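**Student:** what's the 3D shape of this:
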Amino acid sequence: MSVWRRLCSAAVLSAALVMLVPDPARAAPDVPVPPENLLLDRGTGAISAADKDLVVKVRLAGLWEIPAGEMAQQKSNSARIKRIGQNIADQHAALDQLARAAAKELKIALPNEPNSDQQGWLDEMEAAQGPEFDAIYIDRLRSAHGKIFPAIATIRASTRNDTVRKLAQQANQFVMTHMTLLESSGIVDFAALPTAPAPNAAASSKPAAQVLSAAEQNSGESGANIPLIAAALAGGLVAGGLVTRQIVGGRGRNGYRSRRPRYYGG
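**Tutor:** Here you go, the predicted structure:
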């Protein structure tokens with residue numbers, strides 16, 4: 001009996017791992033899959049307000065995208081949309097478990113209801129049918145994933161806490177998978193997505209206050225050096241005149257330089 005229990009436990013664990021991580025076999029050639037076994041998860045490291053906010057947002061995402069995926073399976077006439085809804089709902093159920101485990105480890109309070117915006121999107125889907133539902137479902141989910149995607153990357157790159165770091169990496173994998181699934185529907189309105197801000201013309205590693213202070217100092221120094229610059233220019237003009245006189249004096253009547261050798265020194 002104990003052998004069957006072990007086999008069942010191993011089967012359940014294997015199924016859970018398959019759900020948690022996107023299938024590496026589907027990755028494009030030469031595209032690496034981040035090795036999660038190298039990440040620590042001990043709850044160590046300082047936790048910022050942004051770290052806590054990410055855990056809450058991952059939880060909130062599941063609270064509305066799971067029921068939205070269930071609606072997609074019931075209300076859509078497209079087999080593709082139904083499959084997308086099922087995959088995203090199932091994967092968000094797995095991601096929600098990860099978020100709740102991290103919150104428990106870090107003692108972060110989590111919501112149990114979607115926020116007002118998310119509830120509004122669910123209401124829109126509830127009132128729609130067929131192609132109208134498909135357009136709303138794909139549009140709302142793709143837009144939401146596009147907004148949280150850079151937020152996850154920021155936390156993954158900056159957090160000091162190892163549990164949050166691991167959750168951010170896992171969430172990043174899920175979000176990229178969901179964006180790809182949604183885009184495979186062929187009805188994403190990419191022109192309606194927010195435009196990325198223009199890059200800075202001149203990036204600086206110094207704080208803005210230091211850059212401004214340096215600019216002000218340079219401006220003051222430039223004003224103070226104006227008399228010195230004028231004196232240098234005057235000296236250059238005088239030296240140029242003397243050289244010109246020497247050249248002219250060394251030429252013959254026909255205008256060519258005299259071939260008589262000139263000696264310098266003693």
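**Student:** what kind of secondary structure is residue 32 in?
**Tutor:** Recorded secondary structure, residue 32: coil (DSSP: H, G, I helix; E, B strand; the rest coil).
**Student:** Show me how the record splits the chain into domains.
**Tutor:** The chain breaks down into these domains under automatic domain parsing: 41-192, 208-249.
**Student:** Present these as CSV; the columns should include distance to residue 34, mean pLDDT and mean neighbour count.
**Tutor:** All C-beta atoms are positioned from the backbone trio N, CA, C, and that covers glycine. Below are those laid out as CSV (distance: least, C-beta to C-beta, whole Å; pLDDT from 0 to 100; neighbours: other C-beta atoms under 10 Å):
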stretch, distance to residue 34, mean pLDDT, mean neighbour count
domain 41-192, 6, 96, 17
domain 208-249, 34, 51, 10
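**Student:** Confirm residue 45 sits in a strand?
**Tutor:** No - counting by three-state DSSP, residue 45 falls outside a strand, being coil.
**Student:** got the contact list for it?
**Tutor:** Listed by C-beta atoms under 8 Å, 6 or more residues apart in numbering, the contact set of residue 45 reads 159-162, 164-165.
**Student:** got it, and residue 146?
**Tutor:** Counting by C-beta under 8 Å, 6+ apart, residue 146 touches 179, 193-194.
**Student:** Looking at the contacts of residue 45, which are in helices?
**Tutor:** Assignment to helices by DSSP state H places the following of those there: 162, 164-165.
**Student:** and the closest residue to residue 193 other than its chain neighbours, how far is that from residue 51?
**Tutor:** Among residues not flanking residue 193 along the chain, residue 146 sits closest, at 6.1 Å (C-beta to C-beta, 6 or more residues apart in numbering). Computed as C-beta to C-beta, to the nearest Å, the residue 146 to residue 51 distance reads 21 Å.
**Student:** Over to residue 57?
**Tutor:** Counting by C-beta to C-beta - residue 57 and residue 51 are separated by 11 Å.
**Student:** for residue 131, same thing?
**Tutor:** Taking C-beta to C-beta, one finds residue 131 at 41 Å from residue 51.
**Student:** same deal with residue 67?
**Tutor:** Applying C-beta to C-beta, the value for residue 67 to residue 51 is 27 Å.
**Student:** could you pull out the helices for the protein?
**Tutor:** For the chain, the helices defined by DSSP H cover 2-20, 49-75, 79-106, 116-127, 130-158, 162-183, 208-224, 226-249.
**Student:** Alpha carbons of the fourth one, as CSV, please.
**Tutor:** Output in CSV follows, covering the C-alpha atoms of helix 116-127 (Å, rounded to 0.1, in the frame of the first residue of the first chain):
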residue,chain,number,x,y,z
SER,A,116,-12.6,47.5,-9.0
ASP,A,117,-10.9,47.6,-12.4
GLN,A,118,-10.6,43.9,-12.6
GLN,A,119,-14.2,43.4,-11.5
GLY,A,120,-15.3,45.9,-14.2
TRP,A,121,-13.4,43.8,-16.9
LEU,A,122,-15.2,40.6,-15.6
ASP,A,123,-18.5,42.4,-15.8
GLU,A,124,-17.8,43.4,-19.5
MET,A,125,-17.0,39.7,-20.3
GLU,A,126,-20.1,38.6,-18.5
ALA,A,127,-22.3,40.8,-20.7
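**Student:** For residue 51, which non-adjacent residue is spatially closest?
**Tutor:** Nearest to residue 51 is residue 164, by C-beta to C-beta, 6+ apart, at 4.4 Å.
**Student:** Quick check: that neighbour touching residue 103?
**Tutor:** No - in this structure, residue 164 is not within contact of residue 103 by C-beta atoms under 8 Å, at 10.2 Å.
**Student:** which residues do the two both contact?
**Tutor:** Residues touching both residue 164 and residue 103 by C-beta under 8 Å, 6+ apart: residue 55.
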